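> need coordinates for the below:
(one chain, ligands or ions: 1)
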Amino acid sequence: MNDREFDERNRKMIAEMGDDRALHELANKFVAHSARREYSYHFRWLGRPIIQYPQDIVAMQELIWSVQPDAIVETGIARGGSLIFYASMLHLLDNGGIVVGVDVDIREHNRVAIERHPMARHIRMIEGSSVAPEVVAKVKAAIEGRKRVLVVLDSMHTHAHVLDELKLYSPMVTKDSYLVVFDTCIESLPEDLFPDRKWHHGDNPWTAVHEFMRTSKRFEIDRAIPDKLQITVAPDGYLKCIED
Ligand SMILES: C[S@@+](CC[C@H](N)C(=O)[O-])C[C@H]1O[C@@H](n2cnc3c(N)ncnc32)[C@H](O)[C@@H]1O
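Residues are numbered from 1 along each chain as shown. Below you'll find the predicted structure:
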């Protein structure tokens, strides 16, 4: 089988997985059950905790390789593992790329650990709410002149906040790059998983993505990615930018 035949077979099997309700239900059960054990907190990237499912980390690696961004913006830093991950990918691309991370509360011990990390030279951190005008202005200034920009939204997961982020950050994404919205899975997870959270069924990143997509012409939902992953926190969350 040559590379083209291999790719074609994979595309066919992935499309079949997209239609495989039994597999999808098993995957959803895994995400729901594993979330009770705080599964996403148990991984590290180059030593820093990264709050992601491994499947989504692999998907981001594939996206970064295919898009070859020279800037990645992420809202939601937490302990910094995702910033370090993106920085390490840009380091390998060796294109002078930077990662811009935004968080409303960058704890001192996290800031110090990120600043001391070997990948730190690729990282800029901005403290403040991701939807505050002065923060958005700082992000725009940081990516000024960059040619291929990829954006990841992973901060507060309420509908209103993510929708505001989508409106503010989507114009930064360049054609053929991606706007990734994490934790759209909340819509299909049991409600009792988030007893003390602000997000719920009907009020979460999934609902924000679907409201955004009703008016956005620049993006389309790339369903092949979640169809491939099955186990993902971002169903309908990988948005491809299809227009300048
Ligand atoms: C899910 S964690 C981010 C995980 C991180 N991206 C990773 O993969 O390791 C969410 C983060 O969003 C931050 N956050 C909450 N509200 C925010 C806001 N209004 N603006 C920016 N960040 C916010 C929290 O402080 C928290 O660190």
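> neighbours around residue 244, how many?
Using other CB atoms under 10 Å, residue 244 is surrounded by 7 other residues. In this view, the C-beta of every residue, glycine as well, is placed from N, C-alpha and C.
> gap between it and residue 171?
11 Å (CB to CB, to the nearest Å).
> then residue 3?
Applying CB to CB to residue 3 and residue 171 gives a distance of 36 Å.
> and these two? which has more neighbours close in?
Comparing residue 3 with residue 171 by other CB under 10 Å, the one with more neighbours is residue 171, at 12 against 7.
> doesn't that one fall inside a helix?
Yes: with DSSP: H, G, I helix; E, B strand; the rest coil as the criterion, residue 171 is assigned to a helix.
> now stretch 27-42: buried residues?
Neighbour-count burial for stretch 27-42 flags 27, 28, 31, 35, 39, 40 (criterion: 16 or more other CB atoms under 10 Å).
> show me those residues that map onto helices.
27, 28, 31, 35 (DSSP state H).
> just list the residues touching the closest residue to residue 223 other than its chain neighbours, thanks.
Using CB to CB, 6 or more residues apart in numbering and skipping residues adjacent in sequence, the residue nearest residue 223 is residue 18, 6.3 Å away. The contact partners of residue 18, by CB atoms under 8 Å, 6 or more residues apart in numbering, come to 223, 224, 227.
> which element is residue 96 on?
Using DSSP states H and E, residue 96 sits in no helix or strand.
> can you tell me what sits against the helix or strand where residue 226 lies?
Using DSSP H and E, residue 226 maps to helix 224-229. Here helix 224-229 makes contact (CB under 8 Å, 6+ apart) with 11, 14-15, 17-18, 55-56, 58-59, 63, 232, 234-238.
> next one: the helix or strand following it to chain centre, how far?
For helix 224-229, the following helix or strand on the C-terminal side (DSSP H and E) is strand 238-241. Distance of strand 238-241 from the chain centroid (CA atoms, centre = their mean, to the nearest Å) equals 11 Å.
> given strand 238-241, what are its sheet partners and their directions?
Strand pairing for strand 238-241, using DSSP bridges, gives strand 178-181 (antiparallel), strand 219-221 (antiparallel).
> quick one: average pLDDT of it?
In this model, strand 238-241 has a mean pLDDT of 98.
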